[in-house]
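*Asks:* One predicted model, sequence on top.
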Amino acid sequence: MLIKVLGATKEVGRSGFLIKDYSSVLLDYGILLQRELGFPVHVRPRDISAILVTHAHLDHVGMVPMFYMSKGIPHYMTPVTFKLSELLLYDLMKISGPRLPYGTDEIKALRKHFNPIYYGEVLKIGGFEIEMLNAGHIPGSGMIYVKGSKSILYTGDVNHVETRLTLPTERKLPEVDLVITESTYASTDHPDRREEEKRLIDFAKEVVERKGTLLIPSFSVGRAQEVALIFYEHNFPYNVYMDGMALKVNEILLEHPEFLKNSKKLEKALNRIEFVESWGKRRRVVNEPCVIISPAGMLVGGAAVFYNMKIAKKSRNGIAMVAFQIPGTPGRDLLDKKIIYVDGKRVKVKAEVERFDLSSHSGRKELLRMFKEDIKGSPMVMIVHGERENCERLSRDLKELGYDTIVPERGDIIEI
C-alpha cells in the first residue's frame, strides 16, 4: 500500500492523502487560507476511485471541487459535513473566486456524487473497507479507517475533550499499520476549558459594563455555536448578537441533531441571542454595549472584518480571539502585533485584545494519551497538520514511547 502526501506537512492547511492499493482513494483535499492561497499536490481525477472527507473546514475540503471539472467521482462524508461544505465552498467562491481553479458549476456537481457515511458504518469502496469514527472536532467530523492489504487510521482533526457542542473523539480504535495524525497543538497543553469559559464571560462583562462593544471573531462552523452555548450556560445578562454565515450554520446543525451533544440546549441558546441580518442593524449594534459573535474566525472575510475595523479604534472596546490563527492571516497579525490593515494602511489597535483557548483540537497530553491508551499494536506514525516545531515535537515524544515516526514533505510517497 502506498500513501502519497499531498499537503498539510509542517503547516496547518491543505490536507490531502492519496492511498493506492487495490484502487486509489483520496482522503481530504484542502486549501491553505493565507494572503496567497496554497494548493495541495495535483492529482489526476482518473487516478481516483473515491474521495473521503473528514470534515467541512476548507483546509480539508476546499479543493475537492477540482475533481468535478471533467469527471464524476463518488465522494463520502457525513450528511452534516456535506451541507456545511457546500455552504463554505460557495462562500470561498465569493471571497477568492478569481484565485480558485474551479467555479460554482463544480461545487454544484458535488451534490450529484455525494454519498452519506455515518459513524460506525462499514462501507466497501474500491476494494477497501472504510469506516468513519467520531473525531469530536466539529459536528459531523470523523476519523477515517481504511483497510486494504494494510490498514490506516487517518485522524483528520481530533478533539478528545468534551465541549458544550460536541462529544469527544471515539477512543475504541481499530489496530492499524499506519496512523496519520494531526499535530496542531502537539507542543501545547490546553488550559482547563471551564476556567477559560469563565475568563471569557468575565472579560465580556468588563467590556460591556464600561460601555464597550466586545467582538468575538468565530469560525462559522462550531466555534460560533460553542460560544453561544457558553454565554447561555453562564446566564450572561447583557445583549449578545450573532452575525454572518454562522446563522445559516445554525439551521444546518439543528437539522442534524444526531451530530450534536445536545440539540435542544443549542436551540435554547440560539433563542437567547439576537441575530443581525441587515447592514442597518450591523451599523447600530457596533456602537452598542454588547457582545457580537461573528465570522470569520481569522478575520479573513465576513462581517467580522467590518466590526473589527470599527471596534479596534476605541480603547473601551474589546476583541476576544477564540480561534486558531494561521500565520499570515489578519487574525494572527491582530493577536501578535495588535495591528489591523484598513484600506491598505497599517493601524494600531486601541481595543483590549485577549486570547481564549477554546480549541477544537486535542492538546499535547490528549494526543499522547491517544497513543498510550487508544492506539493498538505498534503502527508507524505519520505526523502532519501542524507547524514545523509541533510536528517535530510530537515525533520526538512518540519515539520515546517506542513508535517509528515520519514527518513527511509534500509529495513524499510512503510504502507500508
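*Replies:* Yep, it's here.
*Asks:* Is Leu215 within a helix or a strand, and which one?
*Replies:* Element membership of Leu215 [criterion: DSSP states H and E] is strand 213-217.
*Asks:* got the angle between the very next helix or strand once past that strand and strand 213-217?
*Replies:* As assigned by DSSP H and E, the chain's next helix or strand after strand 213-217 is helix 223-233. Orientation check (axes from the mean of the first three to the mean of the last three Cα atoms, to 10 degrees): helix 223-233 against strand 213-217 gives 140 degrees.
*Asks:* Neighbouring strands - and their directions - for the following helix or strand past helix 223-233?
*Replies:* Next along the chain after helix 223-233, taking DSSP H and E as the criterion, comes strand 240-243. Strand 240-243 pairs in its sheet with strand 274-276 (parallel), strand 290-294 (parallel), by DSSP bridges.
*Asks:* How about the contacts made by Lys365?
*Replies:* Asp189 (Cβ atoms under 8 Å, 6 or more residues apart in numbering). All C-beta spots, glycine's among them, are computed from the backbone N, C-alpha and C.
*Asks:* in this structure, which residue is closest to the centre?
*Replies:* His57 (4.6 Å; Cα atoms, centre = their mean).
*Asks:* Next, that one: phi, psi?
*Replies:* Main-chain dihedrals, His57, degrees, to the nearest 10: phi -60, psi 140.
*Asks:* Pull the contacting residues for it.
*Replies:* 30, 88, 138, 157, 219, 221 are the contacts of His57 under Cβ under 8 Å, 6+ apart.
*Asks:* which one of these sits closest to Ile95?
*Replies:* Among these, Leu88 lies closest to Ile95 (Cβ to Cβ), at 10.5 Å.
*Asks:* related to what we said a few turns ago, need the strands paired with strand 240-243 in TSV with mean pLDDT, can you?
*Replies:* Shown next, in TSV, are the strands paired with strand 240-243 (pLDDT from 0 to 100):
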stretch	mean pLDDT
strand 274-276	97
strand 290-294	97
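*Asks:* what's the closest of those strands to Leu84?
*Replies:* Once those are compared by Cβ to Cβ, strand 290-294 is nearest, at 17.4 Å.
*Asks:* Next one: Glu121 from Arg393, what distance?
*Replies:* The spacing between Glu121 and Arg393, counted by Cβ to Cβ, to the nearest Å, is 35 Å.
*Asks:* re earlier: show me which of the contacts of His57 is closest to Ser49.
*Replies:* For the contacts of His57, with Ser49 as the reference and Cβ to Cβ as the criterion, the closest is Gly30, at 19.8 Å.
*Asks:* The closest one and Asp59 touch, don't they?
*Replies:* Yes: with contacts counted by Cβ atoms under 8 Å, Gly30 reaches Asp59, the gap being 4.2 Å.
*Asks:* Name the residues contacting each of these two.
*Replies:* 8, 13-15.
*Asks:* Report the buried residues of the host helix or strand of Lys83.
*Replies:* Element membership for Lys83, per DSSP H and E: helix 79-96. For helix 79-96, a neighbour-count test (16 or more other Cβ atoms under 10 Å) marks 79-89, 91-93, 96 as buried.
*Asks:* Just the mean pLDDT for whichever strand or helix holds Ile3, thanks.
*Replies:* Taking DSSP H and E as the definition, one finds Ile3 inside strand 2-5. What strand 2-5 shows for mean pLDDT is 97.
*Asks:* Pull out the buried residues from that strand.
*Replies:* 3-5.
*Asks:* Quickly name whichever of these is closest to Gly280.
*Replies:* When these are compared against Gly280 (criterion: Cβ to Cβ), the nearest one is Val5, at 49.0 Å.
*Asks:* residue contacts, that closest one?
*Replies:* By Cβ under 8 Å, 6+ apart, the neighbours of Val5 are 16-17, 41, 382, 384, 408-414.
*Asks:* And the buried ones among those, selectable in ChimeraX?
*Replies:* Command for ChimeraX that selects the buried part of these, burial taken from 16+ other Cβ under 10 Å:
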select :16,17,382,384,408,410,414
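*Asks:* coming back round to it: contacts for the helix holding Lys83, please.
*Replies:* By Cβ under 8 Å, 6+ apart, the list of residues contacting helix 79-96 reads 31, 37, 53-58, 61-62, 64-65, 77, 100, 103-104, 107, 110-111, 114, 116, 139-142, 220-221, 245, 248-249, 252-253, 255-256, 259, 300-301.
*Asks:* does Leu123 count as helix, strand or coil?
*Replies:* At Leu123, secondary structure determined by DSSP: H, G, I helix; E, B strand; the rest coil is strand.
*Asks:* whoops, I mixed them up, Glu206
*Replies:* Assignment for Glu206 (three-state DSSP): helix.
*Asks:* what's the distance between it and Pro237?
*Replies:* 13 Å.
*Asks:* next one: Val179
*Replies:* Counting by Cβ to Cβ, the gap from Val179 to Pro237 is 46 Å.
*Asks:* And Ala56, by the same measure?
*Replies:* 33 Å.
*Asks:* Val53: neighbouring residues, count only.
*Replies:* 30 (other Cβ atoms under 10 Å).
*Asks:* Weed out the non-buried ones from the contacts of His57.
*Replies:* Burial by neighbour count, 16+ other Cβ under 10 Å: within those this picks out 30, 88, 138, 157, 219, 221.
*Asks:* for the fifth one, phi and psi?
*Replies:* So the one you mean is Phe219. phi -60, psi 140.
*Asks:* ok, the nearest residue to it once chain neighbours are set aside - contacts?
*Replies:* Spatial nearest neighbour of Phe219, chain neighbours left out: Gly297 (3.9 Å); criterion: Cβ to Cβ, 6 or more residues apart in numbering. Applying Cβ under 8 Å, 6+ apart to Gly297 gives the contacts 217-220, 223, 304, 322-324, 331.
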